[in-house]
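Q: model this:
(one chain, ligands or ions: 1)
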Amino acid sequence: MIHWDNGLFLTRPRLALDVRRRQPAAFVSHAHADHIAPHELAYMTPPTRRLYQHRVGDHRRVVELPYGAPREFGDARLTTYPAGHCLGSAMLLAETDAGRVLYTGDYKLGDSATAEPAELPRADVLVMECTFGQPKYALPPREQTIAELVALVRSTLAEGATPVIHAYPLGKSQEVTRLLTAAGVPVLQHPHIFAISEIYQQCGVDLGDVQPYHRDRLPGAAVITLPKGSRFFRLPGMGRPVSIAATGWAIDPSTKFRWQVDHALPLSDHADYSELLQTAERVQPREIICTHGPADFAGRLCAAGFHARHVSEAFQTRMF
Ligand SMILES: [Zn+2]
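A: Residues are numbered from 1 along each chain as shown. Have a look, this model is predicted:
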């Protein structure tokens, strides 16, 4: 049903799943750079199509898979479900004579201000993304993190400094923007981020009072720019910045230093540990293949009564 060939594939009919090199036919779960390639033919949701073509060009052949609308692909029936990770992000349910396979891609079950809420259908085989597959990655309540973010931004502005949030340009930037504008804080975005925000807005996501960065607009506003790992994160004339990272990795105290920021807040677009366990319980699969994340998470699922393997182990023994 599923196999590994330097990337994950639905075996029959052959369909690459988020494979990072060009393929004749691929499913693209969402438009993050580590999930896309300029495929010959790609299947994805309509919002992901807009974001994908922004990144790889609009001359690629794309077949749209709107959520909940099944489409035949060879002997399989493909249906997408919202993954809650970023705008347009999708899980893929592939139904064949051999059973139902659910591929989650990157996902999150909890609330989001800018992504469609996740849905989990039942499946026989669950291929799940397990980035936060360790118990320590239990995220605090989202409302608490949002309240901390807004309070930090307000106190920074009150001190005459500039709150600068470093975030990935697709998804997290728009989420933080909406959370701040909903709290009455206008947002200025790095131009790379604003280009993606315009697509969000064209797709009907209201981001509130957001504009591209310009130093003349700074008074009273928060700035969202790229992570410091990017060569292009700097913006001219930001005044005295107080830097903030918004990432699930903020659970690790070292994140502040790794991201080189003054504050790190645990706002995640990935399922945390309890959501991962909840996913297995809700999908009720016969088999689970864990991708990403720590290899020992599969053992934790087995201890909870599931038949689970980490992707590397699964394909060494060719169980699936
Ligand atoms: Zn992603």
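Q: can you list the buried residues in stretch 216-235?
A: 218, 221-227, 235 (16 or more other Cβ atoms under 10 Å). All C-beta atoms are positioned from the backbone trio N, CA, C, and that covers glycine.
Q: typed the wrong thing, it's stretch 119-134
A: 119-120, 123-134.
Q: check those and tell me the two furthest apart.
A: Largest separation among the buried residues of stretch 119-134 by Cβ to Cβ: 124 and 134, giving 26.8 Å.
Q: before we move on, back to that, residue 158: which of the buried residues of stretch 216-235 is nearest?
A: Residue 158 lies nearest to residue 222 out of the buried residues of stretch 216-235, by Cβ to Cβ, at 12.6 Å.
Q: let me see the contact set for the closest one.
A: Contacts of residue 222 were listed using Cβ atoms under 8 Å, 6 or more residues apart in numbering, and they are 153, 157, 162-165, 180, 185-188.
Q: surely residue 215 is in contact with residue 236?
A: Yes: between residue 215 and residue 236 there is a contact at 6.3 Å, judged by Cβ atoms under 8 Å.
Q: burial count for residue 149?
A: 23 (other Cβ atoms under 10 Å).
Q: how close does the residue nearest to the spatial centre of the chain get to residue 249?
A: Of all residues in the chain, the one closest to the mean position by Cα atoms, centre = their mean is residue 85, 3.8 Å from it. In this view, residue 85 and residue 249 are 15 Å apart by Cβ to Cβ, to the nearest Å.
Q: just residue 3 next, same as before
A: For residue 3 relative to residue 249 (Cβ to Cβ), the value is 31 Å.
Q: ok, residue 61 next?
A: 36 Å.
Q: between the two, tell me which one has more neighbours.
A: Taking neighbours as other Cβ under 10 Å, residue 61 and residue 249 compare with residue 249 leading, 17 against 9.
Q: now the lengthiest helix in the chain: mean pLDDT?
A: For the chain, the longest helix by residue count, based on DSSP state H, is helix 142-158. Averaging pLDDT along helix 142-158 yields 98.
Q: what's the answer for stretch 164-181, then?
A: 97.
Q: mind listing what's buried along it?
A: 164-181.
Q: got it, and stretch 198-218?
A: 198-200, 205, 207-208, 210, 213, 218.
Q: cool, and stretch 43-56?
A: 43-45, 47-53, 56.
Q: out of those, which are inside helices?
A: 47-53, 56.
Q: just those residues: which has the poorest pLDDT?
A: Looking at these by pLDDT, the weakest one is residue 56, with 90.
Q: spit out the contact partners of that one.
A: By Cβ under 8 Å, 6+ apart, the neighbours of residue 56 are 36-38.
Q: packing partners of the worst-scoring helix or strand of the chain on mean pLDDT?
A: The weakest-scoring helix or strand in the chain, judged by mean pLDDT, DSSP states H and E, is helix 311-316 (a mean of 74). Counting contacts by 3 or more Cβ pairs under 8 Å, 6 or more residues apart in numbering; DSSP states H and E, helix 311-316 is packed against strand 2-4, strand 287-291.
Q: off-centre distance for the last one?
A: The chain centre lies 19 Å from the centre of strand 287-291; the measure is Cα atoms, centre = their mean, to the nearest Å.
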